[in-house]
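Build me a structure from this.
(one chain, ligands or ions: 1)
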Amino acid sequence: MPEPAFQDYYPENVSHCYGCGSLNALGLRIRTRWEGDESVTRFTPRPEHTAIPGFVYGGLLASLVDCHSTGTAAAAMYRQEGRAMDTLPAYRFVTASLHVDYLAPTPLGVELEVRGRVKRIEGRKVVVEATVSALGKVTARGEVVAAQMREGFGQV
Ligand SMILES: CCCCCCCCCCCC(=O)SCCNC(=O)CCNC(=O)[C@H](O)C(C)(C)COP(=O)(O)OP(=O)(O)OC[C@H]1O[C@@H](n2cnc3c(N)ncnc32)[C@H](O)[C@@H]1OP(=O)(O)O
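Coordinates of the predicted model:
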């Protein structure tokens, strides 16, 4: 049995996200785990994720960085407290800021590796930096500011 992914611990009400929700049948359904101090997601883009024939759409790469990093932010908070991700109180993070630099074209048809590192945890905010690699070469680099969801998120 493979080790559970961060996303396996997301409660149902936050499992509909296009990038990381296990209940979103049309989504990417990424799966992220710790490898030492780094978080890792492996994902193989599909033909519909094309930008230019043979190369991956940048928005897809941004989605991978985004959901990889918000998951990493939540996992990092639990890890800091020595708690499992299915224990209360729950930590849920949304994207406050997403920055991506595209360093080289990303080839389609191969597995991509997203690696994240927690840069800092400050109060309700976690800053995560991430790289996307194809065939061992870093093709994109990103940084996400993830903010802890407040009670009543989205209510105006
Ligand atoms: C296990 C289950 C997991 C479950 C997790 C499952 C979740 C799936 C998430 C998928 C990822 C997404 O696509 S989420 C969807 C896209 N994102 C959103 O819709 C978020 C919309 N924005 C908002 O709701 C709000 O602006 C928030 C929540 C981001 C922040 O508002 P707030 O809650 O009032 O908090 P606020 O005090 O303003 O900010 C908190 C800290 O973040 C900083 N901050 C806020 N915005 C920014 C920003 N753009 N750039 C830099 N930093 C920022 C502030 O300076 C502050 O730092 P300091 O002063 O304290 O130092």
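
Name the helix or strand for the residue nearest the centre of the chain, please.
Centrality entry for the chain: nearest residue to the mean C-alpha point is His68, 1.0 Å, by C-alpha atoms, centre = their mean. Using DSSP states H and E, His68 falls within helix 58-80.

Just the buried residues of that helix, please?
Neighbour counts over helix 58-80 (16 or more other C-beta atoms under 10 Å) mark 60-78 as buried. C-beta: built from backbone N, CA, C; applies to glycine.

if we can go back for a sec, I figured the residue nearest to the centre of the chain hits Glu38, correct?
No: look at His68 against Glu38 with C-beta atoms under 8 Å: they stay out of range, at 10.8 Å.

shared neighbours of these two, anything?
By C-beta atoms under 8 Å, 6 or more residues apart in numbering, His68 and Glu38 have these common neighbours: Gly116.

and the helix holding His68, what does it pack onto?
Applying 3 or more C-beta pairs under 8 Å, 6 or more residues apart in numbering; DSSP states H and E, one finds that helix 58-80 contacts strand 32-35, strand 38-43, strand 93-102, strand 112-122, strand 125-134, strand 137-148.

Let me have these in CSV, extended by mean neighbour count and distance to the ligand.
Converted to CSV, the helices and strands packed on helix 58-80 look like this (neighbours: other C-beta atoms under 10 Å; distance: least, C-beta to the nearest ligand atom, whole Å):
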stretch, mean neighbour count, distance to the ligand
strand 32-35, 17, 11
strand 38-43, 20, 13
strand 93-102, 16, 3
strand 112-122, 17, 5
strand 125-134, 21, 4
strand 137-148, 19, 4
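
quick one, which of those strands is nearest to Asn24?
strand 38-43 (14.3 Å; C-beta to C-beta).

mind exporting the closest one as CSV, just the C-alpha atoms?
Written as CSV, here are the backbone C-alpha positions of strand 38-43 (Å, rounded to 0.1, in the frame of the first residue of the first chain):
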residue,chain,number,x,y,z
GLU,A,38,10.7,18.3,0.5
SER,A,39,7.2,17.7,-0.7
VAL,A,40,6.8,15.8,-4.0
THR,A,41,4.0,15.5,-6.5
ARG,A,42,4.4,13.5,-9.7
PHE,A,43,1.9,14.1,-12.6
